[in-house]
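K.L.:
below are the sequence and a predicted model; questions follow.
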There are 2 protein chains.
Amino acid sequence: MNFIQKMKMSIASRKSFLCVGLDPDPRLMPPGISLNEFILGIVKSTSDLACSYKINFAFFESMGEKGFAHLKFARDCVPEDIPVIADAKRADIGNTSRQYAEAIFSVMGFDAITVNPYMGHDSLLPFISYTDRGVFILCRTSNPGSSDFQDVLVSNGTDKIPLYQLVSKKAAEWNQNGNIGLVVGATWPEEIKQIRNQNPDMPLLIPGVGAQGGSIELVAQNAIGPNSKMAIINSSRSIIHASCENDFGIRARLKAEEMRNQINFFSSR
Amino acid sequence: MNFIQKMKMSIASRKSFLCVGLDPDPRLMPPGISLNEFILGIVKSTSDLACSYKINFAFFESMGEKGFAHLKFARDCVPEDIPVIADAKRADIGNTSRQYAEAIFSVMGFDAITVNPYMGHDSLLPFISYTDRGVFILCRTSNPGSSDFQDVLVSNGTDKIPLYQLVSKKAAEWNQNGNIGLVVGATWPEEIKQIRNQNPDMPLLIPGVGAQGGSIELVAQNAIGPNSKMAIINSSRSIIHASCENDFGIRARLKAEEMRNQINFFSSR
């Protein structure tokens, strides 16, 4: 079963477009609990509500040598039928991207990865070549500075379009294996609408609801439609750190349930 | 001493603009030698010839759990007066970039990092904020696919310029701490000339001579001048894997010496 099939089944069986981001901040964890216990607690509390999990590599790399084991633990404690996305934003020259792809897909066993388009097609090919995995290309990111380059107008034939739309067009062209998706921040609902109209079938990974302030209502309306069911809406901090006390599991569950239901409510109106 | 000062002193004292890339491929190492022995052998054989070392994270991440220890070993076996660049091509939203910066600068102790500009200023600020470290922003990368986006014409006032030139302009604007450099591939000598003319003082990290085919003559002529001494010209495979036998150390040294001398010859004409 490839990534797309696995993702579709997980969305359908859980009636959920919610992705839970595992970006643990040790300062916000309850006292006396280990990182692995915390991660396992979050996953156990939310695995019937989350269509997928997204693991942010930076939060593990900053732990130094022990980070890898925790990262692997986090990846492996997710139930087998739920896709896990490596939020690593990699890309390099082909020879190097091959090594990153091997690290993330073969060594660590992730179902999908986020990648950066700046270096162009050959920097992404080694990831796309894993036909059973998903590759989410950064398109319009959720942060304020995304306007610096993603919004600049570029020539497209006789037209002018923002750079992020050129990335979206190229992603569609490069999608020979049917395993490419796009990252579009929840903070840009109009851009989500445009990208969704251009790519009705393409998986969209949408971070930025919750702590970053993106509107669930607009995201759900613009990304999900009768023929567009591949939206993966991520929230990290507002779920996993809903409580800093020992009730973090149940509080994460309540928050995830609330967000999942809100997404479904607004998408079906 | 900050990165720029350390780099200048290393270039001057070694009379070298050559950076040796530590991207070890275990299949090309002599039989019966450990990775750490290999890395130490390369560094010992070249440390009076290399102005800096660049460590490619992908080659260590693909080793799984043991990769971190090897990466740390490689970083730590370089003599203290030689700057070591983390070729990691990171960048993410601010909250996440802060974790990457901590991992690479604080936990691992690198002197500089390569970063990807696509996500904009706030994604790079956490790196730039380490005022004693260097931040090399990808501008025009050495790979063929770099044309996909880096070459597209963008509006710049009433002018049109390629995207990579906009990145170069923004990098200069963002350089309040004087610690920003640019990555420009050796495979694009004309672009090196333009970028150098726009930024005479800025450190340029130039990969792509050697195995990737960039011309040392053109790179040295275009990147180094009487008022432009901050060029860091990287070669990886053609030096560290100059031999697959037990003479890898001396063969690496001979190749490094040859390249260092060629760069000096062409830059001083």
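P.N.:
Done, it's in. Numbers count the residues shown, from 1 in each chain, chains lettered A, B, ... in the order given.
K.L.:
number of residues surrounding A:Ala12?
P.N.:
For A:Ala12, the neighbour count with other CB atoms under 10 Å in any protein chain shown is 11. Bear in mind the C-beta positions are built from the backbone N, C-alpha and C, glycine included.
K.L.:
could you look up the SS state of it?
P.N.:
helix (DSSP: H, G, I helix; E, B strand; the rest coil).
K.L.:
pLDDT at it, what is it?
P.N.:
pLDDT for A:Ala12: 97.
K.L.:
what's the answer for A:Asp159, then?
P.N.:
89.
K.L.:
ok, what's across the strand from it?
P.N.:
A:Asn156 (DSSP bridges).
K.L.:
what's the distance between it and chain B?
P.N.:
Distance from A:Asp159 to chain B, counting by CB to the nearest CB, to the nearest Å: 12 Å.
K.L.:
ditto for A:Gly178
P.N.:
20 Å.
K.L.:
is A:Cys139 in a helix, a strand, or coil?
P.N.:
strand.
K.L.:
pretty sure it sits against A:Ser168.
P.N.:
Yes - between A:Cys139 and A:Ser168 a contact is recorded at 5.4 Å, counting by CB atoms under 8 Å.
K.L.:
anything in contact with each of the two?
P.N.:
Taking CB atoms under 8 Å, 6 or more residues apart in numbering or on different chains as the criterion, A:Cys139 and A:Ser168 both touch A:Leu182, A:Ile195.
K.L.:
so these two - more neighbours on which side?
P.N.:
A:Cys139 (30 against 24).
K.L.:
so which strand or helix has the residue nearest to that one when sequence neighbours are not counted?
P.N.:
Leaving aside its chain neighbours, A:Cys139 sits nearest to A:Leu182 (4.2 Å; criterion: CB to CB, 6 or more residues apart in numbering or on different chains). Per DSSP states H and E, A:Leu182 falls inside strand A:180-184.
K.L.:
next, the angle strand A:180-184 makes with the helix or strand just after that strand.
P.N.:
Counting by DSSP H and E, the element after strand A:180-184 in chain order, helix or strand, is helix A:189-198. Put simply, helix A:189-198 runs at 160 degrees to strand A:180-184, going by axes from the mean of the first three to the mean of the last three CA atoms, to 10 degrees.
K.L.:
and chain B, is helix A:189-198 touching that?
P.N.:
No - Helix A:189-198 stays clear of chain B (CB under 8 Å from any CB of the partner chain), getting no nearer than 14.4 Å.
K.L.:
next, find the distance separating the most far-flung residue of chain A relative to its centre from B:Asp148.
P.N.:
Distance from the centre of chain A peaks at A:Thr158, with 33.8 Å (CA atoms, centre = their mean). According to CB to CB, to the nearest Å, A:Thr158 stands 20 Å off from B:Asp148.
K.L.:
so how far is stretch A:15-30 off the chain centroid?
P.N.:
Put simply, stretch A:15-30 sits 12 Å off its chain's centre (CA atoms, centre = their mean, to the nearest Å).
K.L.:
my bad, should have said stretch A:232-244
P.N.:
Centre-to-centre, stretch A:232-244 and its host chain are 13 Å apart (CA atoms, centre = their mean).
K.L.:
swap in stretch A:52-71?
P.N.:
15 Å.
K.L.:
what's the burial count for A:Asp201?
P.N.:
Using other CB under 10 Å, A:Asp201 is surrounded by 13 other residues.
K.L.:
nope, A:Cys77 is what I was after
P.N.:
Neighbours of A:Cys77 (other CB under 10 Å): 18.
K.L.:
distance of it from chain B?
P.N.:
Taken as CB to the nearest CB, the span from A:Cys77 to chain B is 17 Å.
K.L.:
that residue contacts A:Leu40, correct?
P.N.:
Yes - assessed by CB under 8 Å, A:Cys77 is found in contact with A:Leu40 at 5.2 Å.
K.L.:
where in the stretch 101-250 of chain A is pLDDT low?
P.N.:
Within the stretch 101-250 of chain A, the set of residues satisfying pLDDT under 70 is empty.
K.L.:
where exactly do the helices run in it?
P.N.:
A:121-128, A:147-150, A:163-173, A:189-198, A:216-223, A:237-240, A:248-267 (DSSP state H, counting those that start in this stretch).
K.L.:
ok, and what's touching the strand holding A:Leu182?
P.N.:
A:112, A:114, A:128, A:134-141, A:167-168, A:171-172, A:174, A:191-192, A:195, A:199, A:202-207, A:223, A:230, A:232.
K.L.:
show me how far it is from its chain's centre.
P.N.:
Remark: strand A:180-184 is offset 8 Å from the chain centroid, using CA atoms, centre = their mean.
K.L.:
go on, stretch A:220-233?
P.N.:
Averaging C-alpha positions (CA atoms, centre = their mean) puts stretch A:220-233 14 Å from its chain's average.
K.L.:
could you dump stretch A:177-190 to CSV, C-alpha only?
P.N.:
Coordinates of the C-alpha atoms in stretch A:177-190 are reproduced here as CSV (Å, rounded to 0.1, in the frame of the first residue of the first chain):
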residue,chain,number,x,y,z
ASN,A,177,4.5,9.0,-9.7
GLY,A,178,1.4,10.5,-8.1
ASN,A,179,3.1,10.9,-4.8
ILE,A,180,3.6,14.7,-4.5
GLY,A,181,1.8,17.0,-2.2
LEU,A,182,2.1,20.7,-1.2
VAL,A,183,2.6,22.5,2.0
VAL,A,184,0.4,25.6,2.4
GLY,A,185,0.1,27.5,5.6
ALA,A,186,-3.3,27.8,7.3
THR,A,187,-2.5,31.5,7.7
TRP,A,188,-3.1,32.0,4.0
PRO,A,189,-6.7,30.9,3.3
GLU,A,190,-7.0,32.7,-0.1
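K.L.:
tell me how many other residues surround A:Glu245.
P.N.:
Counted with other CB under 10 Å, the neighbours of A:Glu245 add up to 9.
K.L.:
show me the one of the helices of the stretch 101-250 of chain A that comes nearest A:Ala91.
P.N.:
Closest approach to A:Ala91 among these is made by helix A:121-128 (4.4 Å; CB to CB).
K.L.:
what's near enough to touch the most centrally placed residue in chain A?
P.N.:
The centre of chain A sits closest to A:Leu205, judged by CA atoms, centre = their mean, with a distance of 4.5 Å. Listed by CB under 8 Å, 6+ apart, the contact partners of A:Leu205 are A:Cys19, A:Lys54, A:Ile85, A:Thr114, A:Phe136, A:Gly181, A:Leu182, A:Val183, A:Val184, A:Ile232, A:Asn234.
K.L.:
that one and A:Glu80, how far apart?
P.N.:
For A:Leu205 relative to A:Glu80 (CB to CB), the value is 21 Å.
K.L.:
again with A:Leu254
P.N.:
In terms of CB to CB, A:Leu254 sits 26 Å off from A:Glu80.
K.L.:
cool, A:Ser13 as well?
P.N.:
To A:Glu80, A:Ser13 is 13 Å away according to CB to CB.
K.L.:
more neighbours: those two, which one.
P.N.:
Set A:Ser13 next to A:Glu80 and count neighbours by other CB under 10 Å: A:Ser13 wins out with 12 against 7.
K.L.:
spatially nearest residue to the more buried one, not counting backbone neighbours?
P.N.:
If the residues on either side of it in the chain are set aside, A:Ser13 comes closest to A:Asp81, at 7.6 Å by CB to CB, 6+ apart.
K.L.:
ok, now A:Ser235?
P.N.:
A:Gly210 (3.9 Å).
K.L.:
contact partners for the one you found?
P.N.:
Taking CB under 8 Å, 6+ apart, one finds A:Ser235, A:Ser236, A:Arg237, A:Ser238, A:Ile239, A:Met259 in contact with A:Gly210.
K.L.:
out of the contacts of strand A:180-184, which end up buried?
P.N.:
A:112, A:114, A:128, A:134-141, A:167-168, A:171, A:174, A:191-192, A:195, A:199, A:202-207, A:223, A:230, A:232 (16 or more other CB atoms under 10 Å in any protein chain shown).
K.L.:
average pLDDT across stretch A:47-62?
P.N.:
For stretch A:47-62, the mean per-residue pLDDT is 97.
K.L.:
can you give me the end-to-end span of that stretch?
P.N.:
Using CA to CA, to the nearest Å, the end-to-end distance of stretch A:47-62 comes to 26 Å.
K.L.:
I appreciate the help and will end here.
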